[in-house]
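Student: Predicted model and sequence follow; I will ask about them next.
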Amino acid sequence: MINSYAGSDDAAVAMAGARAGADVVRRMYGRRLNRIDKGAGDFATAADVEAEKAILGVIRAARPDDAVLGEEGGQQGAAGAVRQWLVDPLCGTLNYAVGNMLVAVNVALRDGPAAVADPFSGEVFFTDGESAWVRRDGADDALLMPSHVTRLVDVNLDPPFPSAPGFRGVDLLAHPEFVEGFRPRVVSTTLAMAWVAAGKRAAYVTDGGDLSGSVHFAAGIALCRAAGCVVTGIDGAPIGEAGRGLVVAADDETHGRLMLMMRS
């Protein structure tokens, strides 16, 4: 089955990889899994490791000359490879470990197509780099259409907090205008970024440094950009080497309102 992707385009490879990882995550759900300590309170499980192996199997079969940066396995492949895949096999490991199904599988070709799979809904959100869709089992692909109407905004509250005290997610949630105009959500997985692209969330906000090349965020960023979302750092600047965190909004108005709150 993996070999059948050898002639596929990059978007199909990203989707196949994300689905392969999601199959593993779903199959291993509910098992008692030992935690593999990664330091600073972070950890992985056997599901993270096995899902990454499944994704790598797809990429290696379809794109044997490409390099891969995996959340668990690190840099793999030729050091001088022109193309690099960014793989987060299980975003939301703590959620998963305690029996919470809010997780995502992220696969992205750097500066190219990407896919985000929800192992439990069966949805795969994907982009070819120009447009973005969602594929549901047994249904035709649907174009992703961001929308602010839910007023739901996900704010990542996971430490560290590199921009404090200038910016704290908890301060944004307590801002009077935020309370008046939006409703907070804390999903603790980048699945929330796919939800912004799909109109299930109005925005997503997280602190951090340059997240453009992160295995956690690259797929979601590509998806949201292709869907037409507004994507910047928490300071309103383009994300990149000098970037700080991430604000993904369904439209300019939502983005502008959030930026005013954060600056005040």
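Tutor: Right, received. Where do you want to start?
Student: Using PDB, write down the CA coordinates of the helix or strand where residue 258 lies.
Tutor: Assigned by DSSP states H and E, residue 258 falls within helix 252-263. Provided in PDB are the C-alpha atoms of helix 252-263 (Å, rounded to 0.1, in the frame of the first residue of the first chain):
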ATOM      1  CA  ASP A 252      -8.900  40.800   9.300                       C
ATOM      2  CA  GLU A 253     -11.500  42.100  11.800                       C
ATOM      3  CA  THR A 254     -11.000  39.300  14.300                       C
ATOM      4  CA  HIS A 255      -7.200  39.600  13.900                       C
ATOM      5  CA  GLY A 256      -7.300  43.300  14.500                       C
ATOM      6  CA  ARG A 257      -9.400  43.100  17.600                       C
ATOM      7  CA  LEU A 258      -7.100  40.500  19.100                       C
ATOM      8  CA  MET A 259      -4.000  42.500  18.300                       C
ATOM      9  CA  LEU A 260      -5.500  45.600  20.000                       C
ATOM     10  CA  MET A 261      -6.200  43.700  23.100                       C
ATOM     11  CA  MET A 262      -2.700  42.100  23.300                       C
ATOM     12  CA  ARG A 263      -1.100  45.500  22.700                       C
END
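Student: in this protein, what secondary structure element scores lowest on mean pLDDT?
Tutor: strand 36-39 (a mean of 88; mean pLDDT, DSSP states H and E).
Student: can you map out the strands along the stretch 51-200 of the chain?
Tutor: Using DSSP state E, counting those that start in this stretch, the strands of the stretch 51-200 of the chain run over residues 67-70, 74-76, 84-91, 104-109, 114-117, 124-127, 132-135, 142-143, 152-155, 183-185.
Student: Can you get me a residue count around residue 221?
Tutor: 22 (other CB atoms under 10 Å). (C-beta placed from N, C-alpha, C; glycine too.)
Student: I'd assumed residue 211 was in contact with it.
Tutor: Yes. Contact criterion CB atoms under 8 Å: residue 221 and residue 211 qualify, at 7.3 Å.
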